[in-house]
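**Student:** Let me see the structure of the following:
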Amino acid sequence: MNRIAVKIGSAVLTRADGTLDVTRLSSLVDQVAELRRQGIEVILISSGAVASGRGELHLSQQSTLEMDSVEQRQLFSAVGQAKLINRYYDFLREHHISVGQVLTQKTDFDSEEHRENMRRCMEVMLSHGVLPVVNENDTVAVQELKFGDNDQLASLLLNLIEADLYINLTSADGVLAANPETAAPGEKIPFLAVCGKDAIAKGIKAGDLVKLVCSACGGSGGGKPDSAMGGGKDATQVDNALALVDDFVSSKVN
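**Tutor:** Residues are numbered from 1 along each chain as shown. Take a look at the predicted model:
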């Protein structure tokens, strides 16, 4: 496993009052730094800009209500994105890791030229030891053309950067086996996998793997990244998700 994409959801990084949880962010950075020490490339898809901006501005409820939802998001993200990347910079600097920011929009994926530019940008960052932190550029994104959440952004990035594993850090406990709005939800599935070349080489057959692949994996078939869910607000989510992957692979190989 050489390259891991880690998506950190808003609920994971946000306190009850809607501001950024700096303590949890610091803990997650420590775990990412440990992956880097093991020689693993990491790409972060990180929410938290709006929460960071909200905590910085301390606007009254009345001032907030005077803006529509788009204006609120633009204001908080414009201020918060600068603060968020500086938090990453400070925490990663303690581990002697450089960080780079990649802000994108949904329309960037419509153009092959733009997609290739993003891929080259992140490849050159990784080749020089820089950790990319990717987020949607909410300050200029048109509401109708927004990703909606970073799950969609991650799903488009995974194949672009050819990640071996996708870890989705979220407040959800896992993926449900069925849509609870149309059927009984069934069991929770904490780890999802598709049968890529590495799995086949280890003797893992497609029939052994979970057939349901979440939308963040971008479908099914060879070459797609495996996906692990880190549920809840546990401060050791990355470690827990990786342990889950190790257990799954060991059970199939052994």
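**Student:** so what's the backbone phi/psi at residue 19?
**Tutor:** Main-chain torsions, residue 19, degrees, to the nearest 10: phi -100, psi 170.
**Student:** What segments of the chain are strands?
**Tutor:** Using DSSP state E, the strands of the chain run over 3-8, 41-46, 98-104, 130-136, 165-169, 175-176, 188-189, 191-192, 226-230.
**Student:** and these as JSON lines, adding distance to residue 30?
**Tutor:** In short, each C-beta sits where N, CA and C put it, glycine included. Putting the strands of the chain into JSON lines (distance: least, C-beta to C-beta, whole Å) gives the following:
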{"stretch": "strand 3-8", "distance to residue 30": "13"}
{"stretch": "strand 41-46", "distance to residue 30": "12"}
{"stretch": "strand 98-104", "distance to residue 30": "14"}
{"stretch": "strand 130-136", "distance to residue 30": "13"}
{"stretch": "strand 165-169", "distance to residue 30": "14"}
{"stretch": "strand 175-176", "distance to residue 30": "27"}
{"stretch": "strand 188-189", "distance to residue 30": "27"}
{"stretch": "strand 191-192", "distance to residue 30": "23"}
{"stretch": "strand 226-230", "distance to residue 30": "15"}
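**Student:** would JSON lines of those strands with distance to residue 29, mean neighbour count and mean pLDDT be doable?
**Tutor:** Compiled in JSON lines, those are given as follows (distance: least, C-beta to C-beta, whole Å; neighbours: other C-beta atoms under 10 Å; pLDDT from 0 to 100):
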{"stretch": "strand 3-8", "distance to residue 29": "10", "mean neighbour count": "24", "mean pLDDT": "88"}
{"stretch": "strand 41-46", "distance to residue 29": "9", "mean neighbour count": "24", "mean pLDDT": "93"}
{"stretch": "strand 98-104", "distance to residue 29": "9", "mean neighbour count": "17", "mean pLDDT": "93"}
{"stretch": "strand 130-136", "distance to residue 29": "9", "mean neighbour count": "22", "mean pLDDT": "94"}
{"stretch": "strand 165-169", "distance to residue 29": "12", "mean neighbour count": "26", "mean pLDDT": "81"}
{"stretch": "strand 175-176", "distance to residue 29": "26", "mean neighbour count": "19", "mean pLDDT": "66"}
{"stretch": "strand 188-189", "distance to residue 29": "28", "mean neighbour count": "14", "mean pLDDT": "66"}
{"stretch": "strand 191-192", "distance to residue 29": "24", "mean neighbour count": "21", "mean pLDDT": "60"}
{"stretch": "strand 226-230", "distance to residue 29": "15", "mean neighbour count": "27", "mean pLDDT": "49"}
